[in-house]
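In: all I have is the shape, not the residue letters:
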Ligand SMILES: O=C(O)c1cc2cc(O)c(O)cc2[nH]1
């Protein structure tokens with residue numbers, strides 16, 4: 001969430017976080033080489049929706065102003081907390097060389113590519129994030145018991161990915177003995193669902209690119225809209241098969257059976273007002289299609305669900321919440337039927353894929369601990385990108401105000417650093433964000449009236465073509481028979497003509 005360099009007592013007190021990419025004094029944000037400059041942070045102050053009634057009580061409001069009010073703003077193709085790196089899809093000392101980052105279907109990757117991806121994830125689970133640290137206390141307690149020991153911790157790259165999700169969904173602590181307020185979610189149940197998760201993946205992809213020293217590294221996706229009740233990627237060469245001994249555990253042949261989750265002690269955080277840290281506890285649990293108590297979540301979404309949701313024209317609809325109807329966002333998120341109608345009992349698309357996993361991956365505070373989360377969300381993001389490509393919306397269709405807290409267009413997404421708004425992720429990825437998807441979208445099945453129309457048009461065409469062919473054949477045949485008769489006719493004609501001439505001559509002599 002914040003750069004290690006900034007979380008000193010002085011850094012926190014100054015409210016400024018503008019490190020230099022070269023570590024040189026007086027070169028904040030690489031200003032001397034034109035990379036960027038240190039600016040005052042703008043935070044959204046438009047009204048949010050009525051779901052959150054506790055203004056002033058949560059560190060995440062008007063993010064990140066509770067912690068910092070100045071950060072780097074980078075120029076041109078430079079980016080990062082100190083403007084020291086290139087925008088996605090660019091490389092080179094001046095960040096002006098294009099590279100291609102293509103996200104592919106994991107099922108279509110070679111055995112070697114699958115293995116490389118699994119190894120990269122495992123490396124990310126064990127590698128300390130090079131730049132960022134997490135706060136483990138609310139701001140009120142962030143200077144520590146002695147007032148001079150900032151409460152921040154190192155965290156690994158993959159656990160940072162898990163932690164940011166947890167921090168964005170955690171409840172608002174209202175004080176000892178008071179129940180924490182759960183009607184708040186900075187990354188779900190609002191228009192920011194698609195933009196927040198898009199940035200979340202971009203951050204992991206960039207961190208893994210840096211870790212691997214490969215700027216072309218791309219996260220693959222899982223096409224979860226395959227129907228049925230089988231998890232096709234739950235195999236030992238991918239995210240791990242089911243254990244033969246425990247239906248909810250992973251096979252010991254998979255490296256992911258060794259992974260331990262973070263952010264499990266949610267009751268402690270909510271009652272004590274503490275925050276999840278990098279401490280790893282139990283193994284991943286997963287029992288796809290094993291939730292017998294909820295038969296509706298025992299099947300994966302169907303291909304037709306993707307077709308239907310891509311046809312919805314409106315990005316989001318009031319109240320811009322999990323109760324919105326005819327909203328593309330609420331449909332891909334999965335609180336509406338795939339055709340857009342809100343129904344409180346329905347779970348579809350993204351939500352259905354989560355719940356189908358039935359374990360770690362089905363609980364919001366824990367779900368990214370299961371690596372399926374990455375693949376499930378890249379596919380969700382691919383659907384979002386395809387919707388942007390087909391409908392070409394301006395940013396004006398993204399609500400500027402009255403969305404749930406965290407979800408307004410200009411809100412800086414919690415808890416990312418440097419500050420980044422929802423609007424900045426509401427753009428087509430290939431042109432603006434330096435990555436694309438290689439994907440074959442299912443096509444819509446024809447309706448009965450379309451089938452009848454097509455059949456009639458086809459029948460008319462067949463009749464016209466066959467009629468034309470017959471007419472041509474008849475004409476060609478009569479032409480040929482006329483040619484065959486022509487020598488005989490010619491002879492007869494000549495004879496008659498000669499007789500006529502002789503007759504004429506004799507008549508003229510008379
Ligand atoms: O109950 C739901 O609809 C549900 C569960 C779940 C888990 C998760 O990690 C999400 O990101 C969303 C979600 N929705």
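Out: Yep, that arrived. This one's a predicted model, so the numbers in the text were calculated from it and none came from an experiment.

In: CA only for contacts and neighbour counts going forward, please
Out: Noted.

In: so the residue of the stretch 1-150 of the chain found nearest the ligand is in which element?
Out: Closest contact between the stretch 1-150 of the chain and the ligand, by C-alpha to the nearest ligand atom, is at residue 51 (17.6 Å). Of the helices and strands defined by DSSP states H and E, none includes residue 51.

In: what are the phi and psi values at it?
Out: Dihedral pair for residue 51: phi -70, psi -30, per degrees, to the nearest 10.

In: same question, residue 322
Out: The phi/psi pair for residue 322 (degrees, to the nearest 10) is phi -70, psi 0.

In: tell me how many other residues crowd it.
Out: 22 (other C-alpha atoms under 10 Å).

In: my guess is it contacts residue 329, does it?
Out: No - assessed by C-alpha atoms under 8 Å, residue 322 is found out of contact with residue 329, at 9.3 Å.

In: shared neighbours, the two?
Out: Listed as contacting both residue 322 and residue 329 by C-alpha atoms under 8 Å, 6 or more residues apart in numbering are residue 190.

In: show me which residues of the protein sit near the ligand.
Out: Taking C-alpha under 6 Å from any ligand atom as the contact definition, the chain meets the ligand at 351, 354, 355, 361, 362, 363, 364, 367.

In: what about the helices in the stretch 1-150 of the chain?
Out: 9-14, 111-126 (DSSP state H, counting those that start in this stretch).

In: how about these, which one is nearest residue 272?
Out: Smallest distance to residue 272 across the helices of the stretch 1-150 of the chain (C-alpha to C-alpha): 23.8 Å, for helix 9-14.

In: and the closest one, what's buried?
Out: Using 16 or more other C-alpha atoms under 10 Å as the test for burial, helix 9-14 gives residue 12.

In: ok, the residue of the stretch 1-150 of the chain closest to the ligand to residue 268 distance?
Out: 24 Å (C-alpha to C-alpha, to the nearest Å).

In: which one of these two has more residues nearby?
Out: residue 51 (15 against 12).

In: and that one, what does it touch?
Out: By C-alpha under 8 Å, 6+ apart, the contact list for residue 51 reads 183, 184, 404, 405.

In: in what helix or strand does the second one lie?
Out: Assessed by DSSP H and E, residue 184 sits outside every helix and strand.

In: wait, it touches residue 172, no?
Out: Yes - the criterion here is C-alpha under 8 Å, and residue 184 meets it with residue 172 at 7.3 Å.

In: residue 293: which element?
Out: Using DSSP H and E, residue 293 maps to neither a helix nor a strand.

In: tell me, how many residues neighbour it?
Out: 8.

In: what residues does it make contact with?
Out: Contact partners of residue 293, counting by C-alpha under 8 Å, 6+ apart, are absent.

In: of all the residues in the chain, which one is nearest the ligand?
Out: For the chain, C-alpha to the nearest ligand atom, closest residue to the ligand: residue 364, 3.5 Å.

In: need the pLDDT of that residue.
Out: Looking at residue 364, its pLDDT stands at 97.

In: pLDDT weak spots in the chain?
Out: Within the chain, the stretches with pLDDT under 70 are 479, 481-510.

In: where do the strands sit along it?
Out: Here the chain has its strands, by DSSP state E, at 2-3, 16-17, 36-40, 70-74, 78-79, 85-86, 90-91, 97-98, 102-103, 132-135, 152-153, 436-437.

In: reformat these as JSON lines; add mean neighbour count.
Out: Output for these, formatted as JSON lines (neighbours: other C-alpha atoms under 10 Å):
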{"stretch": "strand 2-3", "mean neighbour count": "20"}
{"stretch": "strand 16-17", "mean neighbour count": "24"}
{"stretch": "strand 36-40", "mean neighbour count": "19"}
{"stretch": "strand 70-74", "mean neighbour count": "24"}
{"stretch": "strand 78-79", "mean neighbour count": "22"}
{"stretch": "strand 85-86", "mean neighbour count": "21"}
{"stretch": "strand 90-91", "mean neighbour count": "20"}
{"stretch": "strand 97-98", "mean neighbour count": "12"}
{"stretch": "strand 102-103", "mean neighbour count": "18"}
{"stretch": "strand 132-135", "mean neighbour count": "22"}
{"stretch": "strand 152-153", "mean neighbour count": "17"}
{"stretch": "strand 436-437", "mean neighbour count": "21"}
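
In: and those strands: which comes nearest residue 274?
Out: Evaluated over the strands of the chain, closeness to residue 274 peaks at strand 132-135, with 10.2 Å, by C-alpha to C-alpha.

In: ok, that closest one: who's next to it in the sheet?
Out: Strand 132-135 has these partner strands in its sheet, going by DSSP bridges: strand 2-3 (antiparallel), strand 152-153 (antiparallel).

In: quick revisit: which of the helices of the stretch 1-150 of the chain sits most buried?
Out: helix 111-126 (a mean of 16; mean count of other C-alpha atoms under 10 Å).

In: that one packs against which elements?
Out: With contacts taken as 3 or more C-alpha pairs under 8 Å, 6 or more residues apart in numbering; DSSP states H and E, helix 111-126 sits against helix 157-169, helix 192-212.

In: in TSV: those helices, plus mean neighbour count.
Out: Output for the helices and strands packed on helix 111-126, formatted as TSV (neighbours: other C-alpha under 10 Å):
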stretch	mean neighbour count
helix 157-169	23
helix 192-212	21
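
In: nearest residue to residue 212 in space, please, no chain neighbours.
Out: Closest residue to residue 212 apart from its sequence neighbours, by C-alpha to C-alpha, 6 or more residues apart in numbering: residue 120 at 7.6 Å.

In: do the same with residue 274
Out: Nearest to residue 274 is residue 137, by C-alpha to C-alpha, 6+ apart, at 5.8 Å.

In: for residue 439, grab the count of nearby residues.
Out: When neighbours are defined as other C-alpha under 10 Å, residue 439 has 15 of them.

In: what's the answer for residue 396, then?
Out: By other C-alpha under 10 Å, 9 other residues sit near residue 396.

In: equivalent analysis for the one 10 residues further on, please.
Out: Residues lying near residue 406 (other C-alpha under 10 Å) number 31.

In: the nearest residue to it once chain neighbours are set aside: what's it in contact with?
Out: Distance criterion C-alpha to C-alpha, 6+ apart; nearest residue to residue 406, sequence neighbours excluded, is residue 186 at 4.8 Å. Going by C-alpha under 8 Å, 6+ apart, residue 186 touches 168, 169, 192, 405, 406, 407, 413, 414.

In: and what of residue 222?
Out: By C-alpha under 8 Å, 6+ apart, the contact set of residue 222 is 105, 106, 107, 233, 375, 376, 378, 379.

In: and what of residue 233?
Out: Neighbour list for residue 233: 107, 222, 239, 240 [criterion: C-alpha under 8 Å, 6+ apart].

In: also residue 347?
Out: Applying C-alpha under 8 Å, 6+ apart to residue 347 gives the contacts 296, 297, 334, 335, 336, 337.

In: a markdown table please, covering these and showing distance to residue 226 and neighbour count.
Out: Below are the contacts of residue 347 laid out as a markdown table (distance: C-alpha to C-alpha, whole Å; neighbours: other C-alpha atoms under 10 Å):
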| residue | distance to residue 226 | neighbour count |
| --- | --- | --- |
| 296 | 15 | 17 |
| 297 | 14 | 25 |
| 334 | 16 | 25 |
| 335 | 19 | 29 |
| 336 | 19 | 29 |
| 337 | 17 | 23 |
